[in-house]
Each structure stands twice: as structure tokens, then as C-alpha cells.
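> need a structure here:
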Amino acid sequence: MVVLARQRVLRANDCAASLGILEGMAAATVRALAGSEPLQLLARDQEAEQHCLQQLCCWAYGITPTLYPWRGDCLQLEVGGCLALFRSLENLLQTVHCGIQLRGYRVEAGLAPTPKAAWLLSFGTQELAAGGADGWQEQLNSLPLTLLDDFPREVAALRRAGLQRLGDILALPESALGRRCGKPLVHWLRQMLGRETDLQPDYHPPAHFSDQHWFGYEVKTTAELLPAVQQLLQALCGFLRQAQLQAEEIEWQLIAVDRQVQCLQVRSSSRHSDWENWYQLTRLQLDRLQLRTGIEGLALECRQLLTGRSASIDLFSPHNQREPMQALLDRLRNRLGLQAILTIGCRDEHLPELALHVGSEAAAALPAGQPCARRPFWLLPEPQPIHREQGQLHWQGLLQLVGGPERIEDNWWQEPVSRDYYIARGSRGQYYWLFHDRLRRQWYIHGLFA
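Next comes the predicted model:
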């Protein structure tokens, strides 16, 4: 496998390198060297590279808040300010190594007190370790001048003068080097050595989260997706916690081998950044999913990032509480479907038959401090007329008024309503909610108390 840029070899994998294919070769030479061997030529996709770099920025934001992409193919992390969080440089570097390996990347890394020096040291042969923070200037001295590719003419002139290593020009007086190569190169070197500030715009979290995982093989069962699901959710929730954000809905995209995309939406009734909760809800969705074809990649999208809200925790027994009601509702919705679970609530309406809400979405909260009279929860589908004899009300027996009236007048702009509501007790001890229609001069029963 060979990656081409402008019909020249940019990168080649180990199998291609074993055939003698080197970086910079022309595409025709590559085909000639490959002969009858299976060969795959890929055009460089810089847009995909930038997308991967942005995903790495989201991941690295959980390590340090000071980071930025650089030169289009590099990610600079300032780790000096977060050493206390990781307790040591060794722990921090181990976290970086593990995160990179889990994502399937192979990187070249450098460690130094300045960004440009760390970038140059990433081309060295030394292993990135805590000990690499010492002796970084000596390591810089051994690097070739050709790494300063921002100054090709100046480097060519220096090499013609017999200067081959970075240490050769660092030993020269700055005034003499400036007269020969110009101030931009001297300024660049001073920033590399930390003698001048090197300010770069910090990374800002995006308005939405996007991450991907490519398996490298064909996945045929949903159980094989779960490790990647866990990894992506941990990346999402780590990013949410660092940015003090939360989410109510996420979307999974299952990318098939034929590049067809199957979408899977997972919703939660409350915003949070708990990856274990999202993992359980995702598993419920995957248990009901039938894969149409083999899966090659898995993408996680969270398009709406919401301001975080801290949940109240019981001070005395935070770990012994029962499962919250919202978590139970989320599990039922994701297992049975959104329409299978209905919520019951109240609307801010005067007429009782319009005030009851039943639906898949919760009704808007009532204004705080609103007075509420004693009313039954269950209403009849339609108010039923009440028989009246000799001034007494009868409905399955004699009724006796024990509370009221509560007057409700509404809907004057369409069909006026004027009612006086009472609480009545039946002959068997049952309590009813009835009203007198002042416009029709008729009594009706509207609800039953438990």
C-alpha cells in the first residue's frame, strides 16, 4: 500500500518498502517495482487528515487545555501546566501513549521546553520518555539542518559552507548568522531556544463532537462493536467533562464495507456526561439491531452540546440509592421504543379536560407558586349528566356536596365555559368531582377521587 501526493510516494507500508519502494519515487516507478505483486495506490486526502487531527484535539483536550494543531500535520500539547494533575511526567506520558495506541495511531513525538524544539526532537531517534526532558539542547545539536524546511535557500547556503548540523549554526554568533541568513531564521531559532516568546492561538472546543473508530477488518456481530463503543463514549464524556458540557442525544453511524451508513440514535431524558449510562442505553439499541452487512467503521456524533448542570447527591448515602426514575425510563425507551413509554403531567390550562397531558414528551413545567385546588387525577372521557330529584343529586346513589365551589370560566372567544366545581360524597363513601354548568343549568360528574 502506497500513499501518493502529486504522483510521488509520500508514505509506503512495510510490504511496499520490502519491494524497494521509497518516499519521493514516481508512481510509474512504484508500479514497475511492484511487478505482479498486489499493489494499492491511494491519493493523499488532506481533508481526512485534518478531520483526524481535530479528533485528536478533542481527545487531547482531556489531558491539557493548552494545545493547538501546527503545520497541518502536528499537534502541540503544553503539558507543564498539568503535571500536578497527573502527579508526575511519567504518568502523563503513559496516559498519552495509551490514548494514542487505543486509537490505532503511530506517532513521532518530541519533548522539550519549547514547541519548536519539541517538534524538531520528534524527528530524532530517542524514545519519548520522562528523561527526554533533560539534555534536549544536546539532542538538538545532532539534528540535520534539512529539518528547517521553512528556510530552504538559507539551509542550502549553510550546507554549501560546510554546516550540516543544527549545533553548527547554534554555535555561531547571532549577529553573523543574521547577516548571512536574515532575521526570520534567527527569530525562529530564538523561539526554539526559548529566548523569545512563541505565542500560538489555543484550541477551542467545537460546537459538536465527532469521533470515529476503524476496525481494519469486517465486523459481523453487534457484540464485536462494544469495545469500540466503550472507547468512543469514554472519549466523548471525557471531552464533555473537560469542557463542562453535557449531552441529551448521541448518534451512532455504522459504516459498512460498501460505505453504506446505518444510523442509530440514542436519547436520554436528562443531560449528563456519564459514559456508563450512555453505554447501557447503546447496548439496548444494539441488541435490537440487525446488521444488514459487515461493518468496517464506527462513528459517534453529538451535535448538540449543552451547558452542564451538576446533579444533587445525598451526602450520607450516595452509593446506596435506588436507580433514578429517569434512568429507568431511558432504558425502557431505548429497549421498547420512544412511543412505547408515555408520561403523564399537567398543562397550564384552565379547563380540566385540557390540563391533563399524556404523551411521549414531558409537558412544560407549571409556573412556580401556582395555587392548585383539590382535584381528582382521573377524569371521565366526557362529563356525564347527573339526575336531580327534589333538589337532591343522584348518580349511582344519593350525592352529598362536601366541598366547593371552585369557579372556572374560560374559552370566551370561542365557546364560553362557566362552571362551578364541587366535591361530593356518594352513598358508599366514594368521592366524586362534579360541576354545575351555569350556562346550560345542568349538573355533570367529571372525575373520581382515589
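
> Provide the secondary structure category for Ser427.
The three-state assignment at Ser427 reads coil, by DSSP: H, G, I helix; E, B strand; the rest coil.

> Run through the residues that contact the residue nearest to it when sequence neighbours are not counted.
Nearest residue to Ser427 in three dimensions, chain neighbours excluded: Gly397, at 3.6 Å (C-beta to C-beta, 6 or more residues apart in numbering). Every residue, glycine included, has its C-beta placed from N, CA and C. Applying C-beta atoms under 8 Å, 6 or more residues apart in numbering to Gly397 gives the contacts Gly426, Ser427, Arg428.

> Separate out the buried members of those.
Gly426 (16 or more other C-beta atoms under 10 Å).

> In a markdown table, list the contacts of Gly397 along with distance to Gly182.
Supplementary listing: these in a markdown table, determined by distance: C-beta to C-beta, whole Å:
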| residue | distance to Gly182 |
| --- | --- |
| Gly426 | 101 |
| Ser427 | 106 |
| Arg428 | 103 |
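
> Check the residue located most distally from the centre of the chain and give its pLDDT.
Computed with C-alpha atoms, centre = their mean, the residue of the chain farthest from its C-alpha average is Gln390, at 70.7 Å. At Gln390, the predicted lDDT confidence score is 83.

> returning to that earlier point: would you format the contacts of Gly397 as a markdown table with distance to Ile255 and pLDDT included?
Listed next are the contacts of Gly397 as a markdown table, based on distance: C-beta to C-beta, whole Å; pLDDT from 0 to 100:
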| residue | distance to Ile255 | pLDDT |
| --- | --- | --- |
| Gly426 | 65 | 91 |
| Ser427 | 69 | 87 |
| Arg428 | 66 | 86 |
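
> tally of neighbours for the residue nearest to His208 when sequence neighbours are not counted?
In space, and not counting its chain neighbours, His208 is closest to Arg303: 4.5 Å by C-beta to C-beta, 6+ apart. Look at Arg303: counted by other C-beta atoms under 10 Å, it has 12 neighbours.

> Arg303 and Ala235: what is the separation?
Relative to Ala235, Arg303 is positioned 16 Å away (C-beta to C-beta, to the nearest Å).

> Can you tell me the element His436 falls in?
strand 431-437 (DSSP states H and E).

> before we move on, the earlier item: would you mind checking which of the contacts of Gly397 is nearest to Gln384?
Set against Gln384, the nearest of the contacts of Gly397 by C-beta to C-beta is Gly426 (13.6 Å).

> check contacts around the closest one.
Trp395, Gln396, Gly397, Leu398, Leu399, Tyr432.

> Per-residue pLDDT of the last one, please?
If I follow you right, that is Tyr432. On the pLDDT scale, Tyr432 is placed at 92.

> can you tell me the helix or strand for the residue lying closest to it once chain neighbours are set aside?
Nearest in space to Tyr432, with sequence neighbours left out and distances taken as C-beta to C-beta, 6+ apart, is Ala424 at 4.8 Å. For Ala424, the host element (DSSP H and E) is strand 417-425.

> and that strand, what other elements does it pack with?
strand 398-410, strand 431-437 (3 or more C-beta pairs under 8 Å, 6 or more residues apart in numbering; DSSP states H and E).

> Now that strand: average pLDDT?
93.

> partners of that strand, with directions?
strand 398-410 (antiparallel), strand 431-437 (antiparallel) (DSSP bridges).

> Mean neighbour count, those strands: which tops it?
strand 431-437 (a mean of 21; mean count of other C-beta atoms under 10 Å).

> which sections of the stretch 51-200 of the chain are below the confidence cut-off?
Residues of the stretch 51-200 of the chain meeting the criterion pLDDT under 70: 125-134.

> ranges for the strands of it?
Applying DSSP state E, counting those that start in this stretch to the stretch 51-200 of the chain gives strands spanning 67-70, 74-77.

> Please identify which helix or strand holds Leu354.
Using DSSP H and E, Leu354 falls within helix 352-355.

> got it, and Leu226?
In the assignment (DSSP H and E), Leu226 maps to helix 226-243.

> Parallel or antiparallel, which strands does the next helix or strand after that helix pair with?
Per DSSP H and E, the first helix or strand lying C-terminal to helix 226-243 is strand 245-256. If you go by DSSP bridges, strand 245-256 pairs up with strand 261-272 (antiparallel), strand 295-302 (antiparallel), strand 306-307 (antiparallel).

> Leaving out chain neighbours, which residue sits closest to Leu286?
Thr222 is the one closest to Leu286 (C-beta to C-beta, 6+ apart), at 4.3 Å.

> Roughly how far does that neighbour sit from Cys263?
15 Å.

> who's more crowded, those two?
For Thr222 versus Cys263, neighbours defined as other C-beta under 10 Å are more numerous around Thr222 (19 against 10).

> Check the contact between the more buried one and Leu289; I expect there is one.
Yes: assessed by C-beta atoms under 8 Å, Thr222 is found in contact with Leu289 at 5.8 Å.

> For the residue nearest to Trp395 when sequence neighbours are not counted, list the residues it contacts.
Closest residue to Trp395 apart from its sequence neighbours, by C-beta to C-beta, 6+ apart: Ile386 at 4.9 Å. By C-beta under 8 Å, 6+ apart, the contact set of Ile386 is Leu393, His394, Trp395, Leu399, Leu434, Trp443, Tyr444, Ile445.
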